[in-house]
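1. Got a sequence here, can you model it:
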Amino acid sequence: MKTILAIGIAGAFGALARTLLVILVPVSGGFPVGTFVANIAGTFILCFLVEKTLQWTLVNKTTYDAITVGFLGAFTTFSSFGYETFTLLQTDIGMAFLYGGSSLVIGLLAGAFGFSLGGRRQNT
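-> Numbering: from 1, shown residues only. Next comes the predicted model:
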């Protein structure tokens with residue numbers, strides 16, 4: 001029950017953070033910048049944390065789930081991405097492909113970069 005509550009609270013904060021980002025970074029030329037930034041940043045952070053927590057012994061499962069499933073799960077959004085892409089397909093097919101393609105390619109690159117940075121061990 002503690003884990004479910006932690007995920008719910010963190011999820012509320014993730015949803016609020018994404019909403020604020022979408023408000024602060026409005027659509028530009030039809031391109032949904034706020035959702036794009038949330039998804040790319042969330043992908044990077046998730047991949048980084050997944051790799052990093054393999055090295056941390058102090059992170060418990062509840063905290064890990066609250067951050068990854070709760071906060072980052074709510075911060076990133078496939079449903080908004082799908083809706084925005086579908087809407088763009090009806091009005092501007094070029095922008096739809098730019099948004100969808102760049103989200104996929106840059107998202108995968110951000111994830112790979114997060115895994116790479118998270119997996120590096122510091123030599124002391």
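
2. which of the residues in stretch 92-100 are buried?
-> 95-96, 99-100 (16 or more other C-beta atoms under 10 Å). C-beta here means a position set from N, CA and C on the backbone, and glycine is covered the same way.

3. Using JSON lines, please lay out the residues you listed together with pLDDT and secondary structure.
-> Shown next, in JSON lines, are the buried residues of stretch 92-100 (pLDDT from 0 to 100; DSSP: H, G, I helix; E, B strand; the rest coil):
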{"residue": "Met95", "pLDDT": "97", "secondary structure": "helix"}
{"residue": "Ala96", "pLDDT": "97", "secondary structure": "helix"}
{"residue": "Tyr99", "pLDDT": "97", "secondary structure": "helix"}
{"residue": "Gly100", "pLDDT": "97", "secondary structure": "helix"}
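
4. would you turn the residues you listed into JSON lines with distance to Gly107?
-> Below are the buried residues of stretch 92-100 laid out as JSON lines (distance: C-beta to C-beta, whole Å):
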{"residue": "Met95", "distance to Gly107": "17"}
{"residue": "Ala96", "distance to Gly107": "16"}
{"residue": "Tyr99", "distance to Gly107": "12"}
{"residue": "Gly100", "distance to Gly107": "11"}
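
5. biggest separation within those, which pair?
-> Met95 and Gly100 (9.4 Å; C-beta to C-beta).

6. quick one: Pro32 from Leu88, how far?
-> Distance of Pro32 to Leu88, computed by C-beta to C-beta, to the nearest Å: 8 Å.

7. which neighbours do those two share?
-> Counting by C-beta atoms under 8 Å, 6 or more residues apart in numbering, the shared contacts of Pro32 and Leu88 are Tyr99.
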